[in-house]
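Q: Mind looking at a prediction? Sequence and model below.
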Amino acid sequence: MDQTVRLNEAFNSFTQASKSLETYYAKLREKVQYLTEELEKKNAQLSEFEKQNERNSRLIAMGEMAAKIVHEIRSPLCSIELFSTMLSKDLEGTAHAEMSRGISTGIQSLNNILTNMLLFARNQKPSFREVRLAAVVEESIKMLSPLAEIRGVNVVTNLTNDVTDGDAELSKQVFMNIFLNAIQAMPDGGRLEVSMQSDDEFITVAVTDEGEGINPENLEKIFDPFFSTKDKGTGLGLTIAYKIMQCHNGFIKAFKNADKGSIFYLYFPKNKNAVSRKEDVLCMNR
Ligand SMILES: Nc1ncnc2c1ncn2[C@@H]1O[C@H](COP(=O)(O)OP(=O)(O)O)[C@@H](O)[C@H]1O
Ligand SMILES: [Mg+2]
């Protein structure tokens, strides 16, 4: 009898031990499965990182190559520009004056494309100074005036004397891109209005044209790199403008005008409100 009880007890403990073992085993299996899945996830992430890294290295190499090509093209283009300006002066008042103006506008447009490419391909270190925005607007308009004239675009300005903490060259590139788009949007001529106003926080430059306007479904895409609805567009102008405005702690907004054309608002922070200078920030490729 005693033996049977002991045997029963032994059997019970064995059953319990084997049950606990089973539970442990199940838990262990769950843990192994969880770890295997985690490992697979990490492996997938790792190979995605490797791919990204490879893509980034390729992009950096392409950027460097683009920057080199731009430099190579820039120097002969500068000489051509100089000769074309001399030629324009010589031909003033003659039947060929129009042709030389055409050469100048072509060079201007090439220069603008090259500057955009360079800014896109390379990180640019902005150099901030006190900038009177009206002067930059006027300089950009002056540079584009031959093109505006050829296209029959009448430029009207209403500017203030406000100053911002900014990079004059970079902000000029913003205006060049916005004005150029506006002129290109009006192949049969029209009115391009540039007006400034300011409040405590921002100096706002509003650029209004009477062109074809922006398709509402494209409003989201126009600042994306390489988005262009033009046959020969690079789709970099607004990307660069957007990035430069970001560098200035400012921003840019685009709207389709209710009746016709588009309106771009550029918001530059007022001097005292420029949160922080970003001289040390390489912000072009962020
Ligand atoms: N003033 C404007 N009027 C109409 N469409 C515009 C205007 N400005 C920009 N866009 C649209 O935004 C697109 C992107 O402009 P941008 O980045 O300067 O590249 P690109 O001029 O080379 O096409 C243009 O192709 C055009 O569709
Ligand atoms: Mg453009």
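A: Received, thanks. Numbering: from 1, shown residues only. Ligands and ions are numbered 1, 2, ... in the order given.

Q: Which residues does Thr208 form beta bridges with?
A: For Thr208, the beta-bridge partners are Glu193, Ile263 (DSSP bridges).

Q: And it, how far from Arg29?
A: According to CB to CB, to the nearest Å, Thr208 stands 69 Å off from Arg29. Quick note: C-beta positions are derived from backbone N, CA and C, even for glycine.

Q: Of these two, which one has the most company?
A: Per other CB atoms under 10 Å, whichever of Thr208 and Arg29 has more neighbours is Thr208, with 19 against 10.

Q: Which pLDDT value does the model give the more buried one?
A: Note on Thr208: pLDDT of 97.

Q: Next: His96.
A: pLDDT recorded at His96 is 89.

Q: just the one 3 residues further on next, same as before
A: According to the prediction, Met99 has pLDDT 87.

Q: For it, list the residues it contacts.
A: For Met99, the contact set (CB atoms under 8 Å, 6 or more residues apart in numbering) comprises Leu91.

Q: What are the phi and psi values at it?
A: The phi/psi pair for Met99 (degrees, to the nearest 10) reads phi -60, psi -40.

Q: how close does it get to ligand 1?
A: Per CB to the nearest ligand atom, to the nearest Å, Met99 is found 25 Å from ligand 1.

Q: change the start of the numbering to 8 and stick with it
A: Yep, numbering from 8; the last one is Met106 now.

Q: Cross-check the contact I'm expecting between Ser111 and Thr92.
A: Yes: counting by CB atoms under 8 Å, Thr92 is a contact partner of Ser111 at 6.9 Å.

Q: The two - which one has more neighbours?
A: Ser111 (20 against 14).

Q: doesn't the more buried one fall inside a helix?
A: Yes: counting by DSSP: H, G, I helix; E, B strand; the rest coil, Ser111 is found in a helix.

Q: Please enumerate the strands of the stretch 158-293 of the chain.
A: 160-165, 170-173, 197-205, 209-215, 258-263, 269-276 (DSSP state E, counting those that start in this stretch).

Q: Helices along the stretch 58-207 of the chain, start to end?
A: Applying DSSP state H, counting those that start in this stretch to the stretch 58-207 of the chain gives helices spanning 104-128, 140-158, 175-191.

Q: now for the last one, which elements pack on it?
A: Packed against helix 175-191 by the contact rule (3 or more CB pairs under 8 Å, 6 or more residues apart in numbering; DSSP states H and E) you find helix 104-128, strand 136-139, helix 140-158, strand 197-205, strand 209-215, helix 244-254, strand 269-276.

Q: What are the buried residues along that helix?
A: Residues of helix 175-191 classed as buried: 175, 177-191 (neighbour count, 16 or more other CB atoms under 10 Å).

Q: again, but for the longest one
A: Within helix 104-128, the residues that qualify as buried by neighbour count (16+ other CB under 10 Å) are 107-108, 110-112, 114-116, 118-128.

Q: same question, the second one
A: If you call a residue buried by 16+ other CB under 10 Å, then helix 140-158 has these buried ones: Leu140, Ala141, Val143, Val144, Ser147, Ile148, Met150, Leu151, Pro153, Leu154, Ala155, Arg158.
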